[in-house]
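In: need a 3D model of the following:
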Amino acid sequence: MSASNVELLPTSAYVLNQRLHKITASSSGPFKIGMIASLDSPHKGFNTLYQAIYRLKNKGFSIVLEITGAGSKFKNIKMIDELSLRDNIIFSGPRTPGKDIFSFLDTVDLYVQPSNQEGLPRAVIEAMSRACPVITSSAGGMPELCQSEYLHKPDDANGLAKNIEKLLNNRQEMLMMAHYSFNKARFYQPEFLERIRFDFFSHYKDYLLSRRRA
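Out: Numbers count the residues shown, from 1 in each chain. Here you go, the predicted model:
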């Protein structure tokens, strides 16, 4: 058996309302995309994301990507320079789990996870718990979390760029995704997961006892 190790802050209507206000409020700044991942992992799809940002920038969209996480291997400064993205990408280093991560998530307009391999990523669930609109690849367990129309195939930079573009000028869709994320993340609150684990182990114990009696 495996169980999610995500640790969420207690949910409240304030979190959702704060996100809805952020989406509807006018902003003159760039559209901010966030990602949480180790930059030493070969499976997180960083190059796919860089190429997607490049496509969107060439269409005239104002975008900033902020990646928080330890490591440096997949910063790929050579690619970033070739794509002229130095002013569009921020590497803000690692953050402590909990409030520091959630504070970061509250600053982004969209969370992305373009991994080419994945399990059921904690970072995506954390982002959803802050009512972030979320776009992911179809790798691993992410289709269990995210809306099918906002999944792209691993390594598909064009598909990722198209999904992001759908949201850039569509606040109603962003509002809908915020509600979806917030409600989906409730299934990963501690009290809900603890009940599932308790029920599972109780059934398993009863099964073992029945086999023993037989």
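In: Gly163 contacts His152, doesn't it?
Out: Heads up, residue 163 is Asn, not Gly. Yes - the criterion here is C-beta atoms under 8 Å, and Asn163 meets it with His152 at 5.8 Å. (Each C-beta comes from the backbone N, C-alpha and C, glycine too.)
In: now do the shared contacts for those two.
Out: Residues touching both Asn163 and His152 (C-beta atoms under 8 Å, 6 or more residues apart in numbering) are Ile135.
In: between the two, point out the one with more neighbours.
Out: Neighbour totals were compared for Asn163 and His152, and His152 leads with 24 against 20 (other C-beta atoms under 10 Å).
In: what bridges to the more buried one?
Out: For His152, the beta-bridge partners are Ser137 (DSSP bridges).
In: residue contacts, it?
Out: The contact partners of His152, taken as C-beta under 8 Å, 6+ apart, are Pro114, Ile135, Thr136, Ser137, Ser138, Gly159, Leu160, Lys162, Asn163.
In: adding distance to Met177 as columns, could you present those residues in JSON lines?
Out: Below are the contacts of His152 laid out as JSON lines (distance: C-beta to C-beta, whole Å):
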{"residue": "Pro114", "distance to Met177": "17"}
{"residue": "Ile135", "distance to Met177": "9"}
{"residue": "Thr136", "distance to Met177": "12"}
{"residue": "Ser137", "distance to Met177": "17"}
{"residue": "Ser138", "distance to Met177": "17"}
{"residue": "Gly159", "distance to Met177": "17"}
{"residue": "Leu160", "distance to Met177": "15"}
{"residue": "Lys162", "distance to Met177": "16"}
{"residue": "Asn163", "distance to Met177": "11"}
